[in-house]
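Dropping a prediction and its sequence here:
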Amino acid sequence: MNLKKILAAAVLLVVILPGYYNYAFAQEIDILLKGGQLIDPKNQIDAKMDVGITNGKISQVAADISAARAKKVVDVRGMVISPGLIDIHVHVFAGTNKKQQYMDGPNSLPPDGFTFRAGVTTVVDAGSAGWKTFPLFKKNIIDQSKTRVLAFLNIVGDGMGEHQQDRNDMDPKMAATFAQYYKNDIVGFKVAHFGGPQSIPVDSAVAAGNIVNMPVMVDWRGLPPENSLEELFMKHLRPGDILTHNFHAGKGAGATAAMYKEALVDANGKVKPYVFRAQQRGIVMDVGHGGNGFVFSQAIPALKQGLIPNSISSDLHIGNMNAGMKDMSNIMSKFLNMGISLKDVIKLSTWNPAMYIKRTELGHLSVGAEADIAVFKIRTGDFGFIDSHGFTITGTQKLETELTLRAGKIEWDLNGIGNRGWNKN
């Protein structure tokens, strides 16, 4: 090569390569969600914002991020960008052990099939496993799922199944030992389905919680007469402990005095005064919809009187996946149509539950946070919603999950907005 050709090549490199490298470095964003209404309650954002995602984390949140900086741009104009939903009451220890019901049993469901389609990126199994059975749960479900799966450990060592009435299997020290050992996976302890005095399992779970500084979740349904809900709130549970199924009691005209005894709203439609005191004390009121855990006859009067739940959860299991509950986005839509603002509905499904399970790295879209994101369309029209006992309300708004990202990867794309057309390069 002669000197002129060498000089020409050098000039070409000087002129072209800087532009090439600038272009390459400009595309530092892997996925850019552009044009959506960002609702991030933790950061008090409710505005049109773009969200940049790089290496599975939130890299930028701004009013206008240049599309030229992104390898993939997803147009979400007219849609709502939310942190990925956190469902703190599910049963996902799926298996074939018929005797154990929820613990490696047929009543639980594999998480990935029921989470991303509803905008859920994190679930907390509510006591399906105890300390004896948790290692199997971790091996078979937690470690195999794309969904982030956490757990409340059942205070019964064997878990939620044939031995859940065995008070001798409620060992606070062993439960706390396993919770500490599996602290990345276990967030607290669960009490449910014990047919005797609730002081036995509740006090055992609280003892475990005190050892490792974790909350307790309590299921309070169908209990014998000697149990008092007011006493539970004021004498047994601590601030930060959780009552799930908080709108469960009452079946319209078929409600009985016994049902109202365990209800937050009395037979006259009034919230019992001690319930407000309990919430002010720090007792967390969790929806826990489920197949028998939510009725409009409790929820609507409570909301009108200012008793707003602290968190929304599904109690997902085989008995409600196709019934009134359906999924988290459906429950959120119910509260939207009962008069709770979209911003608050998202807060009750993201940042609030993150705080209650003490995982404050979750539930928000701060720069540096893992990119767990849900994108919703708000459909308008005439819709019907069903509670756990088959009673209905009508509404005009409904959340539909358009896109779900877990750790920056698109796991649910309803209409293909995050993918290329078949005839595009």
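Thanks, I have the structure now.

Can you tell me the SS state at Ala354?
helix (DSSP: H, G, I helix; E, B strand; the rest coil).

Tell me who's in contact with it.
42, 86, 360-364 (Cβ atoms under 8 Å, 6 or more residues apart in numbering). Where you see a C-beta, it was placed from the backbone N, CA and C, and this is true even at glycine.

Ala263 now?
If you count contacts by Cβ under 8 Å, 6+ apart, then Ala263 has 248-250, 272, 298 around it.

what's the most distant pair in those residues?
His248 and Lys272 (14.4 Å; Cβ to Cβ).

among the contacts of Ala263, which one has the lowest pLDDT?
Among those, Gly250 has the lowest pLDDT, at 61.

quick one: the helices in the protein?
Shown for the chain, the helices assigned by DSSP state H span residues 3-26, 134-140, 172-181, 199-212, 229-231, 257-261, 273-281, 296-304, 328-337, 342-349, 351-356.

Next, the contact list for Asn415, please.
Counting by Cβ under 8 Å, 6+ apart, Asn415 makes contact with Glu402.

okay, His248 and Lys272: which has more neighbours?
Taking neighbours as other Cβ atoms under 10 Å, His248 and Lys272 compare with His248 leading, 28 against 16.

tell me the contacts of that one?
By Cβ under 8 Å, 6+ apart, the neighbours of His248 are 221, 263, 288, 290, 292-295, 298, 388.

how about 7 Å then?
By Cβ atoms under 7 Å, 6 or more residues apart in numbering, the contact set of His248 is 221, 292-295, 298.

Flag whichever of these scores worst on pLDDT.
Comparing these by pLDDT, Arg221 comes last, at 69.

How about residues contacting stretch 173-192?
By Cβ under 7 Å, 6+ apart, stretch 173-192 touches 124, 126-127, 131, 134, 138, 142, 150-155, 157, 160, 201-202, 205, 208-209, 211-212, 214-219, 357-359.

now that stretch: mean pLDDT?
Taken as a whole, stretch 173-192 has a mean pLDDT of 97.

hmm, back to that, which ones among the contacts of Ala263 map onto strands?
Judged by DSSP state E, strands contain none of the contacts of Ala263.

okay if I get these as a markdown table plus distance to Gln27?
Output for those, formatted as a markdown table (distance: Cβ to Cβ, whole Å):
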| residue | distance to Gln27 |
| --- | --- |
| His248 | 51 |
| Ala249 | 56 |
| Gly250 | 57 |
| Lys272 | 58 |
| Gln298 | 52 |
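
Check those residues against Glu370 and report the nearest one.
Within these, the smallest distance to Glu370 is 33.1 Å, found for His248 (Cβ to Cβ).

Would you mind measuring from the closest one to Pro201?
Separation of His248 from Pro201 (Cβ to Cβ, to the nearest Å) stands at 18 Å.

what's the answer for Ser66, then?
For Ser66 relative to Pro201 (Cβ to Cβ), the value is 56 Å.

Neighbour count: the two, which is higher?
Pro201 (25 against 14).

Could you check the pLDDT of the more buried one?
Per the predicted model, pLDDT is 91 at Pro201.

let's number from 31 now, not from 1
With the count now opening at 31, the last piece we talked about shows up as Pro231.

Surely it touches Gly187?
No: with contact defined as Cβ atoms under 7 Å, Pro231 does not count as touching Gly187 (11.8 Å).

Now for the closest residue to Phe263 other than its chain neighbours, how many residues are close by?
Closest residue to Phe263 apart from its sequence neighbours, by Cβ to Cβ, 6 or more residues apart in numbering: Ala308 at 3.7 Å. Neighbour count for Ala308, taken as other Cβ under 10 Å: 22.

Check the one 4 residues further on too.
Neighbourhood size, Gly312 [other Cβ under 10 Å]: 12.

show me the contacts for it.
Gly312 neighbours (Cβ under 7 Å, 6+ apart): 269-270.

switch to 10 Å and redo it
Contact analysis of Gly312 by Cβ atoms under 10 Å, 6 or more residues apart in numbering lists 267-271, 340.

of all these, which comes closest to Thr84?
The nearest one, if we look at these relative to Thr84 and count by Cβ to Cβ, is Asn340, at 33.3 Å.

ok, the closest one - contacts?
Neighbours of Asn340 in contact, by Cβ under 10 Å, 6+ apart: 272-273, 276, 309, 312-317, 377-378, 382-383, 385-386.

just Asn85 next, same as before
58, 60, 401, 437-438.

try 7 Å
60, 438.

rewinding a little: put the buried members of the contacts of Asn340 into a ChimeraX selection.
Here is the ChimeraX selection string for the buried members of the contacts of Asn340, based on 16 or more other Cβ atoms under 10 Å:
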select :272,273,276,309,313,314,315,316,317,377,378,382,383,385,386
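
between the contacts of Asn340, which is closest to Asp201?
Using Cβ to Cβ, Ile272 comes nearest to Asp201 of those, at 21.3 Å.

Flag the shaky bits of the stretch 31-180 of the chain, pLDDT-wise.
31-56, 128, 134 (pLDDT under 70).

quick one: the strands in it?
When secondary structure is read from DSSP state E, counting those that start in this stretch, the stretch 31-180 of the chain shows strands at 59-70, 75-84, 87-92, 100-105, 110-113, 115-120, 150-156, 178-184.

Just the buried ones from the contacts of stretch 203-222?
154, 156-157, 161, 164, 168, 172, 180-185, 187, 190, 231-232, 235, 238-239, 242, 244-249, 387, 389.

quick one: which of the contacts of Ala293 is nearest to Gln427?
Gln328 (21.7 Å).

still on that earlier bit, now the contacts of Ala384 in JSON lines, with distance to Lys102 and neighbour count?
Shown next, in JSON lines, are the contacts of Ala384 (distance: Cβ to Cβ, whole Å; neighbours: other Cβ atoms under 10 Å):
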{"residue": "Lys72", "distance to Lys102": "26", "neighbour count": "19"}
{"residue": "Ile116", "distance to Lys102": "26", "neighbour count": "29"}
{"residue": "Thr390", "distance to Lys102": "29", "neighbour count": "11"}
{"residue": "Glu391", "distance to Lys102": "25", "neighbour count": "10"}
{"residue": "Leu392", "distance to Lys102": "24", "neighbour count": "22"}
{"residue": "Gly393", "distance to Lys102": "25", "neighbour count": "30"}
{"residue": "His394", "distance to Lys102": "23", "neighbour count": "19"}
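
Which of these fall in strands?
Going by DSSP E, the strands hold Ile116 from the contacts of Ala384.
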